[in-house]
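**Q** Need a 3D model of the sequence below.
(one chain, ligands or ions: 1)
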Amino acid sequence: MNFGFTEEQELLRSEVRKFLDDQCPMEQVRKIMESESGYSAELWTQLAELGWLGLTIPEEYGGAGLGWVDLVVLLEETGRSLFPSPFISTTLTAAAILEAGNDEQKKAWLPALANGSAIGTLALLEQVDVLSADGITLLAKTDGDDFILTGEKSFVNDAGAATHFVVAFRTGEGAEDLGLAVIERDAEGVNAQSFPGIDQTKRVGSLSLENVRVASDAVLGTAGQAWPLISRLLDRGAIAVTAEMVGAAEGALYMTVQFAKDRIQFGDPIGRYQGVKHPLAEMYVDVESFKSMVYYAAWTIDESPGEAERSVSLAKAYATDAFTRIGIDGVQLHGAVGYTAEYDIQLYLKRSKWARPMFGDADHHYERVASLGGL
Ligand SMILES: Cc1cc2nc3c(=O)[nH]c(=O)nc-3n(C[C@H](O)[C@H](O)[C@H](O)COP(=O)(O)OP(=O)(O)OC[C@H]3O[C@@H](n4cnc5c(N)ncnc54)[C@H](O)[C@@H]3O)c2cc1C
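**A** Here you go, the predicted model:
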């Protein structure tokens, strides 16, 4: 593995950075997070035109055909800006279709996801704290070759914005008798909405299904054998969220360092005191450590899939604990103003609270690492 980013990846990073600084500075983030939809349709179209929505979609389906390390570069920057958009959800939807869809399904959905006319999301689990096959209880009824689904999926990211849902369902009593299908928002019996959460830059909601008919051409892969695919999607979700955590944690750190330089107390910048310097140094070490783990995990997704489960779990576990501390320390080091709405640091603390359980908390991932053979 080459530990440095390529020239192209650095170019991508500076393009994304420039775009977000120009088009979505923090005042704009605040406006979008307070809007009903939670994302900007205008910026979404621009992301599509820049080719970012189709970054990991092959060129033959309208994308750029790049890999997960390239995606991490982009996600670090969207995380740093707390950019509100259904980007991760749409990327994961494309990953599901790309991995398990047949050629017709890829032609039907991937170009629309790449050009921004479709917004996708995953609706896998009913309980967010059970990230295993047992977490999927929605039992499908069969009607000829079709499946009929009735039930509710919780904790569906970007549910309010999505036009397409990748839905997991149970095909039988066996532990891993699971299927995965693409369901369109305007299909009969579908109802989806987002709710306000702790982090308004991220929208989480629910998907309700009432006798929704799933024809065989909407099923991804083989019904009844979808668990390995779902498990890989959960890993991709974990690493995508963790890549945004890298950028957000670094953003919180630099914001706090700047505050420590600017805030004068007793005639000196507060950053001169060890009581402030030491936690800042610890934040820095945490960011650098989990950054390396995230890069490695993203690399395994494309290049060494056999190692992906363990490397993703290590990265998400460490980052979850570290970013939680960084969010709290960032507010603490700002003193009392850190709690006020005017200062941006509290938005980063809220992001750390959102990211903590997303695609598995630290306990879940440390336990998985242990079950896979330990640290
Ligand atoms: C919205 C709001 C409401 C408030 N309400 C009240 C109230 O009801 N009652 C009240 O009494 N006060 C109130 N305050 C004032 C608040 O308690 C003080 O602001 C607080 O004591 C911390 O001071 P500071 O925010 O100026 O932090 P700063 O002095 O700027 O310090 C920032 C950080 O650096 C650390 N630090 C500073 N100097 C050192 C040092 N030498 N060594 C180690 N660490 C250091 C601090 O612990 C803190 O974490 C309020 C402030 C705000 C903004």
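
**Q** For the ligand, what's its nearest residue on the stretch 101-250 of the chain.
**A** The nearest approach of the stretch 101-250 of the chain to the ligand comes at Ala249, 18.4 Å away (Cβ to the nearest ligand atom). The C-beta positions use only the backbone N, C-alpha and C, and glycine is treated the same way.

**Q** and that residue, what element?
**A** Assigned by DSSP states H and E, Ala249 belongs to helix 227-262.

**Q** average pLDDT across that helix?
**A** Averaged over helix 227-262, pLDDT sits at 98.

**Q** likewise stretch 112-121?
**A** 98.

**Q** what does stretch 24-44 give?
**A** In this model, stretch 24-44 has a mean pLDDT of 97.

**Q** Let's see the distance spanning it from one end to the other.
**A** Stretch 24-44 has an end-to-end distance of 12 Å (Cα to Cα, to the nearest Å).

**Q** what's the answer for stretch 261-278, then?
**A** End-to-end distance (Cα to Cα), stretch 261-278: 14 Å.

**Q** hmm, it in reach of the ligand?
**A** Yes. Stretch 261-278 reaches the ligand (Cβ under 6 Å from any ligand atom) through 263, 265, 270, 273, 275-276.

**Q** Pull out the buried members of those residues.
**A** For the residues of stretch 261-278 next to the ligand, a burial check counting by 16 or more other Cβ atoms under 10 Å picks out 263, 270, 276.

**Q** Now for the residues of stretch 261-278 next to the ligand: which two are most distant?
**A** Greatest spacing in the residues of stretch 261-278 next to the ligand, by Cβ to Cβ: Arg263 and Gly275 (13.2 Å).

**Q** Out of the residues of stretch 261-278 next to the ligand, which comes closest to the ligand?
**A** The ligand lies nearest to Gly275 out of the residues of stretch 261-278 next to the ligand, by Cβ to the nearest ligand atom, at 2.5 Å.

**Q** Give me the three-state assignment for that closest one.
**A** helix (DSSP: H, G, I helix; E, B strand; the rest coil).

**Q** follow-up on the earlier one: TSV please, covering the residues of stretch 261-278 next to the ligand and showing distance to Thr56.
**A** Converted to TSV, the residues of stretch 261-278 next to the ligand look like this (distance: Cβ to Cβ, whole Å):
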residue	distance to Thr56
Arg263	42
Gln265	47
Ile270	43
Tyr273	46
Gly275	44
Val276	41
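
**Q** Find the nearest non-adjacent residue to the residue most central in space within the chain, please.
**A** In the chain, the C-alpha nearest the mean C-alpha coordinate belongs to Val241, at 3.6 Å (Cα atoms, centre = their mean). Among residues not flanking Val241 along the chain, Met358 sits closest, at 4.8 Å (Cβ to Cβ, 6 or more residues apart in numbering).

**Q** SS state for that neighbour?
**A** Here Met358 is recorded as coil under three-state DSSP.

**Q** contacting residues for it?
**A** Residues in contact with Met358 (Cβ atoms under 8 Å, 6 or more residues apart in numbering) are 157, 237-238, 241.

**Q** Taking those residues, tell me the two that lie furthest apart.
**A** Largest separation among the contacts of Met358 by Cβ to Cβ: Asn157 and Ala238, giving 12.6 Å.

**Q** Done for today, thanks.
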